[in-house]
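1. I would like to see how this sequence folds:
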Amino acid sequence: MPRIPTTLEEAIAQAQDATQAALEAGYGRVQVDFVIPEIALQAQAIARTFADFFASYGSGLKVMFPDAGAASLANRDWGEIPFSVSDLGSRRTPVDLKISDADEIFLVVSPSAVEVQAVERLCTLAGDRPVILLIPQLEDVSIVGIGYAARQLRERFLSTVATAYYFKASEGAAIVRSYPSSWEVWQESEGDWELVAEESQKPDEETLKRLLARTTASTSETSTTANKPKKVGFLANMQQFLRALNQ
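-> I've put the predicted structure just below:
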């Protein structure tokens, strides 16, 4: 039965299970995205929870950050770990990506459109070994562009990355995709959350507006004057969990 997460901790647990399910189903390139304010500031802490989830790979797990600075911070903060930490390099400090036969699975943390070519090369080098993109932002139009080269990039690489988990929340609405489930649209009404639609593809902004408008109209026709106690929104719960991660 569909269920919306009420805290970021619960969303992370859902994402881990969805990622494992997608990998077991044969998907080799998957992404996990939490579209939540300030989430990028906690990428390192969330990456650690994912690294711990895949601890069974031991030294076969390689966690990769966008640049050497982020990788150094993770090494400093995490202390002794059974897996390796590396980086993708940057425009200023490009690296010659190399992987070894001992590498079994890759967790790439917060890659941006600046690193899209490095991520593509990593996936090519990885072959049939899994690559997980955690909180990626690879399709920044201002960097990737909108012309022929950008279209080729999307067709050649970005379209091959499957979404294992997606969570986007705003006040009053949320989009959730947890593999193997479809894309779910949720709407808040008087403190409760209702599943209003299930889509085979990620709904674009126009589709989302239409679905929510239709549901809002239906709710208005059937609403009563009874006052229900307002529950604490999950955005507030998630912000609290983000603060806890940062302590």
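2. point out where this protein drops to low pLDDT.
-> Scanning the chain for pLDDT under 70 picks out the ranges 1-2, 90-95, 139-150, 215-247.
3. at 80 instead, please
-> Applying pLDDT under 80 to the chain picks out residues 1-3, 37, 89-96, 139-154, 170-171, 189-191, 214-247.
4. check the secondary structure at the spatially closest residue to Ile132 that is not a sequence neighbour for me.
-> Distance criterion Cβ to Cβ, 6 or more residues apart in numbering; nearest residue to Ile132, sequence neighbours excluded, is Leu107 at 5.0 Å. Just so you know, the C-beta spots here come from the backbone N, C-alpha and C atoms, and that holds for glycine as well. What DSSP: H, G, I helix; E, B strand; the rest coil gives for Leu107 is strand.
5. got it, and Glu9?
-> helix.
6. how far away is it from Ser170?
-> Going from Glu9 to Ser170 by Cβ to Cβ, to the nearest Å gives 20 Å.
7. ok, now Pro130?
-> Applying Cβ to Cβ, the value for Pro130 to Ser170 is 31 Å.
8. what about the residue nearest to Ile132, how many residues nearby?
-> The local packing of Leu107 (other Cβ atoms under 10 Å) involves 24 other residues.
9. same deal with Val63?
-> 27.
10. could I get the CA-only coordinates of the helix or strand that contains it as PDB?
-> Using DSSP states H and E, Val63 falls within strand 61-65. C-alpha atoms of strand 61-65 as PDB (Å, rounded to 0.1, in the frame of the first residue of the first chain):
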ATOM      1  CA  LEU A  61      32.400   0.000  -2.200                       C
ATOM      2  CA  LYS A  62      33.800   3.200  -3.600                       C
ATOM      3  CA  VAL A  63      32.200   6.500  -2.500                       C
ATOM      4  CA  MET A  64      33.000   9.400  -4.900                       C
ATOM      5  CA  PHE A  65      32.500  13.100  -4.300                       C
END
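11. which residues does the closest residue in space to Phe106 that isn't next to it in sequence form beta bridges with?
-> Nearest-residue entry for Phe106: Val131, 4.6 Å, with adjacent residues in sequence omitted and distances by Cβ to Cβ, 6+ apart. On the basis of DSSP bridges, Val131 is bridged to Arg29, Phe106.
12. show me the contacts for Val131.
-> Val131 sits next to 28-30, 105-106, 108, 119, 122-123 when contact means Cβ atoms under 8 Å, 6 or more residues apart in numbering.
13. confirm for me that Met64 is in contact with Val108.
-> Yes. Contact criterion Cβ atoms under 8 Å: Met64 and Val108 qualify, at 4.9 Å.
14. and the closest residue to Ile105 other than its chain neighbours, how far is that from Glu80?
-> Excluding the flanking residues, the one nearest Ile105 by Cβ to Cβ, 6+ apart is Pro130, at 4.8 Å. With distances taken as Cβ to Cβ, Pro130 is found 25 Å from Glu80.
15. looking at the two, which is more packed in?
-> Pro130 (20 against 4).
16. who does the nearest residue to Tyr27 once chain neighbours are set aside bridge with?
-> The shortest distance from Tyr27 to any non-neighbouring residue, by Cβ to Cβ, 6+ apart, is to Ala162 (4.6 Å). Note on Ala162: beta-bridge partners by DSSP bridges are Val30.
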